[in-house]
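K.L.:
Here is a sequence together with a model predicted from it:
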Amino acid sequence: MPTDNSHSNWHVRCVSVPGPDTDLSLHVAFDNARFLFGCGEGTQRAFVQKRLGLRGLNAIFLPNSESRTRGGLPGVLLTAADAGLDRVDVVGPPDTSHYLATLRTSVMRQVLHLFFSPGQGRELIFRRDRFEVEPHCTSVYAAPGTAEVVYQTPNLTVKAVTLIPNSVYPDPRPEGPPEDWDPTVPSFRPSQLSRPNLERWRKMIVQDLFGRELRPRPTYKTDPEAPAPSPRQATNPFVYPPNGYINAIRADSRYLLPLPSEVEQATDLVYICQAPDVRGKFDVARANALRVPNGPARGRLVRGESLEVDDPSAPGGKRTVRPEDCLIGGGPGAVFILVSCTADTLPALLSSGEFHAYQPLSPIRGETEALKVHLMVHRVPRVIWRDPRYQAWMNLFGPDTQVRGSFLAYCSTLAHTRTPQHLIADTEDYANDAYFTSTAWNSVQLSLINWDIFPFPYVGNGSSRFEGDTLPPNTSFLVPNLQVKMHPAGQAEVVPNHEKDRSMPNNPKAIEAARTEVFLADDMEPYVKACVKARDATFRDPRFKAPPTFPGDDIVVTTLGTGSALPSKYRNVSATHLDIPGTGGILLDCGEGTLGQLRRRFGPDGVRKLYSDLKMIFISHMHADHHLGLHAILEDRFKQGFTSPLYILGPNRIAMGMQETATWQRPASDEALENVRFINTFRTQKEPIVTIDENSSYNSTFETDESQVRETISANLMGLSAEDMYEDYLNGARRWPLVETVGGSVAVNRAHWSTVYRMIKDLGLWSFHTPFVDHRGKAFGLVLQGRRPVEWKVVYSGDTMPCDALIESGKNATLLIHEATLEDDKPELAAVKGHSTFSQAIDVGRRMKARNILLNHFSQRYPKVPKLPAPSPDEEGSVRPIISISFDLMSIKLGDMWKMAHYMDPISELFAESEAEEGDNSAEAVEHDVNASVEDEEGLANDGKRTKSSTPKTPATTATEQESIIQGHGRKYALTGIPMKTKGQMPVKVYASKAERIQAREMRRAARKRAASEASGGSPEGSTHEPEESPSSSGPMAKRPKSDEGLEELQSSQAELPASSKDDQKGAGPVKSDEGLDESQSPKAEP
């Protein structure tokens, strides 16, 4: 092991542990390098919650092929690139390149390029403008139980020990040398390639994933190293022209990748990480005593070389002096081991001889001195760490430990008194502690308004995992924020959360106590008073005592993720669940982390009930923030034993990704997979599909639409013959679907329409429609209508600008769920990015004559609550819709949505300070193509510009239209339905500093109090007014500025009016923030 003292200080920090919405993630930090072990769903959000950045990240290590351990990799890679990194390496099990290749239809960078570095078959290089981002993607292929150096830098050398179950079948693909194969011919099939050539093909796809340049597609009939000509040429991006060159505007998706072999899927990796040996400090006194001469001889000792010196007292007159005789404080580099193991791979772990060098108590270690392991983290289930064989294997590493001190005291509070060397991250019987505490505290505070609409997140019953557990010596459970100093060896400590990130109680009683604490806190008094007024106004509303009844009022909407682009502390990415009585459950989009959100909202029993009722999952388009959580939900559903019919609606590339991904198919039987039925939304976008008589013949209905056939063919997903499909099924290259879904044949069309009408029957629908919407690439909305006599209609916009097709299809909707990504002062940005502003979304609902409008998909630049425009009068005098904003984990019945008008006052009081948090990279993500997919390029005209929408722009605010604003902490917050007494829009003051902003706020408050006192005949109170503490300085329950006096009464009087007597209002003018984002804290994504 080389010696290096330049950057030897390092530590290991636990960012997250296995839980309902996270998995193990360890952050290894040197002075000049960062490494990440484990990258499950929620990793990005965990970094934001802990105020950690991805800058400086050098490598990511994946322990196995489970979706929970690598589901966050796509987002982390893209965010790391946007953070300006110049290199990221990815190391993982044998199917790592396959996993990255399956992302080719949804994850891309317009300015990020990926290609193989010359002469290195395993290295993938990103290039980004002037920067060079080089993730070397290493798929580890090694003999079972053996160790291979998979990563080496001056900071760290990483060996991987491969664990393969004895029960898996060997890879049926031949190993042989590269044979001739030509991907440009129609007969090419990746499933027929040998394993080496299949790995090359996968990496060629990943190479194109981030590339846009013309390059040749080499064949192995020619020289694969032949240089590519430089001139670009216009060509069809989906067809190889005769000269063999392609426009790599998108990765090759013409051919489906075969599923990874069982060996590739079942492999676990154990990582052994060792830092360079540490050079000690030269001890001059010792050197003099040993007669070491001055000069070059002492330099040889410093460099680690032994030498002979004259010593008359020694035999032969010579003495050998070793470096350790004169150097103090040095020694071997610290060693850290991460074990990932299951019951299937345990025998391979116990039989491996690669660990003997680190086990001083091993009987077969030999005479060499064992290297001391400073830290071992065991990512294993309870059945493993409680196994006597595994505990005996752990004991072979000896009793020495470097983890001590304050963490020992922490463990003693958890009924542990042993010094922990081994830290266990249990993958099954984990604690349910709330990890994303910011959104959890939001739920607790919002529950003071309405417990049913804003319930607590699930945290279990608070029982301790430590009760009744007999842990091996020197062992404890890993906890978040634990930081272990590796060199210089020091005390392990639990790093405290930021002052604003208060820990969440872990049982219902403690949460209720925290809720009471919020209620009684002095600095929460304005908010509590606003809650009381809002509840009183709700009780006085005529609709409370005699609620009107409309079809669909019993539909329950749960907003699981309400943010756009990237997850943040307060909002996860897109996901909405509908519970429709008589129809079942419908999931609208499912971005990364949706499974964790389901678990937090409903708990284990609730998730099982949800799975039993789940009938449909709709994916609106291919942007990553709308579908990266799909496979995890399908996998978890099968693991819990639910095999009832489930309809997946989405673009055809969703089906492609499902076909190529083994993780969700592995737990399911063939019969269960047959019940997963896919519907291509392009085929249902032309017009609404209505129910037909059950006795009608399908033959007259399934007429082939030539335009649909041409569209399917243009996607270049070549269908397979029945013989080829059966062959792929027999050799394990394919499992789902069991029938072909691609192509324009009569058989494919008949199968498609059969599935469509079966879904209509199973869900009890009258009609459904997936109209094209105006977003980047191919994006779809969803319109569902229930059967008579309960004829409800639900419309979901997905991501879109105002769209005439959606408005027409959704006429007289019961509920419109519409994106409102940006505030009204950014219409140009919204148009460029294919999104809607708040006023535009509301205007769509008015034109649609929707009864209820629920706004979601807010930009993460509004971390807590967006600023809504006030409605404006409707020129046609139509009934004003009920409008509501949404929060993560909120559940609301349509019949109760009118209450949200009363609740806006306390909500705005609670979130009066809405600033981007330090370390949150998502605030400006919507302004950049952070989720750009290959379909974005297909949606662009040849000149690179978007086709202009036919939807008229929202009218500008006139002098007669009023806007209601709450002023607080230098920001303006608009409330629906509160008219202002002054005319025109209030000017927006831009303050030079936060102190000036606070001072101006206090002056406004004092002026209001004096005016109120003078009006009532009292004496001015300005001289006795005590300034309140700054909201940013009092932690998670920061004191909020008081709202303008009298607004509560105005809002209540407006909300109490019957819906039919209220005038619709148009969207107000732009509401500007007094301050922008702190760019030093929120690095911009690349445009």
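P.N.:
Here it is on my side, so go on.
K.L.:
what residue ranges in the stretch 951-1087 of the chain score low on pLDDT?
P.N.:
951-1001, 1008-1087 (pLDDT under 70).
K.L.:
quick one: Asp387 and Leu346 touch, right?
P.N.:
Yes: using CB atoms under 8 Å, Asp387 makes contact with Leu346 at a distance of 7.1 Å. Every residue, glycine included, has its C-beta placed from N, CA and C.
K.L.:
And the nearest residue to Trp792 once chain neighbours are set aside, what's its pLDDT?
P.N.:
Nearest residue to Trp792 in three dimensions, chain neighbours excluded: Gly552, at 3.1 Å (CB to CB, 6 or more residues apart in numbering). Here the pLDDT value assigned to Gly552 is 94.
K.L.:
same question, the one 10 residues further on
P.N.:
Reading off the per-residue confidence, Thr562 sits at a pLDDT of 95.
K.L.:
can you pull the contacts of it?
P.N.:
Arg571, Asn572, Ser574, Asn856, His857, Phe858, Ser886, Phe887, Asp888 (CB atoms under 8 Å, 6 or more residues apart in numbering).
K.L.:
Tell me which helix or strand Val459 sits in.
P.N.:
Per DSSP states H and E, Val459 falls between elements, in no helix or strand.
K.L.:
With respect to Pro63, which of the contacts of Thr562 is nearest?
P.N.:
Asn572 (24.1 Å; CB to CB).
K.L.:
So Lys203 versus Glu66, what's the distance?
P.N.:
From Lys203 across to Glu66, the span is 22 Å (CB to CB, to the nearest Å).
K.L.:
low pLDDT regions in the stretch 301-450 of the chain?
P.N.:
By pLDDT under 70, the weakly predicted segments of the stretch 301-450 of the chain are 365-367, 400-420.
K.L.:
where exactly do the strands run in it?
P.N.:
With DSSP state E, counting those that start in this stretch, the ranges of strands along the stretch 301-450 of the chain come out as 307-310, 318-321, 327-328, 335-340, 375-380, 422-426.
K.L.:
just so I know, which of the ones you listed lies nearest Leu765?
P.N.:
strand 422-426 (43.4 Å).
K.L.:
helices and strands around that closest one, which ones?
P.N.:
For strand 422-426, the elements it packs on are strand 375-380, helix 382-385, strand 475-477, judged by 3 or more CB pairs under 8 Å, 6 or more residues apart in numbering; DSSP states H and E.
K.L.:
now that strand and strand 375-380, what's the angle there?
P.N.:
Interaxial angle, strand 422-426 versus strand 375-380 (axes from the mean of the first three to the mean of the last three CA atoms, to 10 degrees): 20 degrees.
K.L.:
export strand 422-426 as CSV, just CAs?
P.N.:
Written as CSV, here are the backbone C-alpha positions of strand 422-426 (Å, rounded to 0.1, in the frame of the first residue of the first chain):
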residue,chain,number,x,y,z
HIS,A,422,-19.6,-3.2,13.9
LEU,A,423,-22.5,-1.1,12.9
ILE,A,424,-25.7,-2.8,11.7
ALA,A,425,-28.0,-1.3,9.1
ASP,A,426,-30.9,-3.7,9.2
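K.L.:
Need the max-distance pair from the contacts of Thr562.
P.N.:
Spatially, the most separated pair among those is Ser574 and Phe887, at 13.8 Å (CB to CB).
K.L.:
if you count what's nearby, which of those two comes out ahead?
P.N.:
Neighbour totals were compared for Ser574 and Phe887, and Ser574 leads with 30 against 23 (other CB atoms under 10 Å).
K.L.:
who's in contact with that one?
P.N.:
Counting by CB under 8 Å, 6+ apart, Ser574 touches Gly561, Thr562, Gly563, Ser564, Leu588, Asp589, Cys590, Gly591, Asp625, His626, Asn856, His857.
K.L.:
Mind doing that once more with 6 Å?
P.N.:
Applying CB atoms under 6 Å, 6 or more residues apart in numbering to Ser574 gives the contacts Gly561, Asp589, Gly591, Asp625, His626, His857.
K.L.:
mind checking pLDDT for the second one?
P.N.:
The reference is to Asp589. If you check Asp589, the pLDDT there is 98.
K.L.:
Flag the shaky bits of the stretch 651-800 of the chain, pLDDT-wise.
P.N.:
692-727, 729-731, 738-744.
K.L.:
Okay, helices next: where are they in it?
P.N.:
All helices of the stretch 651-800 of the chain, identified by DSSP state H, counting those that start in this stretch, fall at 652-660, 670-674, 706-714, 722-730, 746-763.
K.L.:
Could you do the stretch 1-150 of the chain as well?
P.N.:
Remark: helices assigned in the stretch 1-150 of the chain by DSSP H, counting those that start in this stretch are 43-49, 67-70, 73-82, 96-101.
K.L.:
What separation do you get for the closest residue to Ser644 other than its chain neighbours and Gly732?
P.N.:
Leaving aside its chain neighbours, Ser644 sits nearest to Asn675 (6.4 Å; criterion: CB to CB, 6+ apart). Using CB to CB, Asn675 is found at 21 Å from Gly732.
K.L.:
what's the answer for Gln391, then?
P.N.:
Using CB to CB, Gln391 is found at 36 Å from Gly732.
K.L.:
Could you do Gly629 as well?
P.N.:
Noted for Gly629: a distance of 26 Å to Gly732, by CB to CB.
K.L.:
Which one of these two is surrounded by more residues?
P.N.:
Between Gly629 and Gly732, Gly629 has the larger neighbour count (other CB under 10 Å), namely 30 against 18.
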